[in-house]
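> Structure of the sequence below:
(one chain, ligands or ions: 1)
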Amino acid sequence: MNILKLLSLTTSLLVVAACHSSEINARVERVPADPATDTPEPITHSFVADAGRYHFTLDSTAAPDLTEWAQTHLQPVVQEWYPRIVALLPSENWNPATHITLRFRTDMGGTPASAAGRFVNLNAAWFRRELQREALGAVVHELVHIVQNYSRTRRDDPQATRMPGWLVEGIADYIRWFLYEPETRGAEITAQNLPRARFDASYRITGNFLDWVTRHHDPDIVRKLNAAGRAGSYREELWTDSTGHTVQQLGEAWKAHHEQRLAKASPVP
Ligand SMILES: [Zn+2]
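This next block holds a predicted model:
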């Protein structure tokens, strides 16, 4: 083993990066591989956010080539947006996860990213393709799932209601597309997707619906829905209590709004 290899295996680097939202103490560790096994040399990188309140570990063992991108581009987004998402989705008697691991994986099939407990899984092959496009937004979406934490109450209370899946994904995409990256206009209702535009179509279409309800009926609707989901008390009456309209009525008005907007934008000759 040459001296450079030895140094790279045993040296811990202290990297201090700048970020406009919090001070960063980042540490890169390369732990020597165990010669008795085929296990690859772990590559982990630790950083904090919100003045040390939140701790993150970035594990790029499965994708060493993505280590630099993750530290340069992903880390600052996580540092800024995890505390923001926590602030957007508060509720009583709830504390957000404070130790979160983001790890690249090579066994996720066609799934770009997923979240479970305090882990965010990142599909290395998908990220390599999407570094300039959807990669950062996909992580923001998964961080929302970590903050939502909806399964917690249902484990403890058999009476708790289940948050509908379309709302779980709709809230994550609302925060991603309308608050994190509105300039990309990635969740617009267009002539192409208008036929599929139902309030409960999930993901970015429900995200568009939540943005519309937020702007036209109740600026607090996402916070209320999230708090109910986390408390295991979601029910459809929440929409009526908050806006005076059922979710179906809101869905029809939202769709009519887009139909009229699109008809105006391209009038039939
Ligand atoms: Zn999701």
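> Any idea which helix or strand in the protein has the lowest mean pLDDT?
For the chain, the helix or strand with the lowest mean confidence is strand 13-15, at a mean of 31 (criterion: mean pLDDT, DSSP states H and E).
> Helix, strand, or coil at the closest residue to residue 50 other than its chain neighbours?
Closest residue to residue 50 apart from its sequence neighbours, by CB to CB, 6 or more residues apart in numbering: residue 83 at 4.3 Å. Bear in mind the C-beta positions are built from the backbone N, C-alpha and C, glycine included. Secondary structure for residue 83, judged by DSSP: H, G, I helix; E, B strand; the rest coil, is helix.
> Do I have it right that residue 83 meets residue 53?
Yes. Contact status for residue 83 versus residue 53: in contact at 7.4 Å, counting by CB atoms under 8 Å.
> which strands and helices sit next to the longest helix seen in the chain?
Using DSSP state H to assign secondary structure, the helix with the most residues in the chain is helix 247-265. Under the contact criterion of 3 or more CB pairs under 8 Å, 6 or more residues apart in numbering; DSSP states H and E, helix 247-265 touches helix 203-216, helix 237-243.
> So which bits of the last one are buried?
When neighbours are counted by 16 or more other CB atoms under 10 Å, the buried residues of helix 237-243 are found to be 238-239, 242-243.
> Then the first one?
Of the residues in helix 203-216, those scored as buried under the neighbour-count criterion (16+ other CB under 10 Å) are 203-214.
> Please tabulate these in TSV, including the columns distance to residue 255 and pLDDT.
Formatted as TSV, the buried residues of helix 203-216 follow (distance: CB to CB, whole Å; pLDDT from 0 to 100):
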residue	distance to residue 255	pLDDT
203	16	98
204	15	98
205	10	98
206	12	98
207	15	98
208	10	98
209	9	98
210	14	99
211	14	98
212	10	98
213	12	98
214	16	98
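> quick one: which of those is nearest the ion?
The shortest approach to the ion among these belongs to residue 203, at 7.5 Å (CB to the ion).
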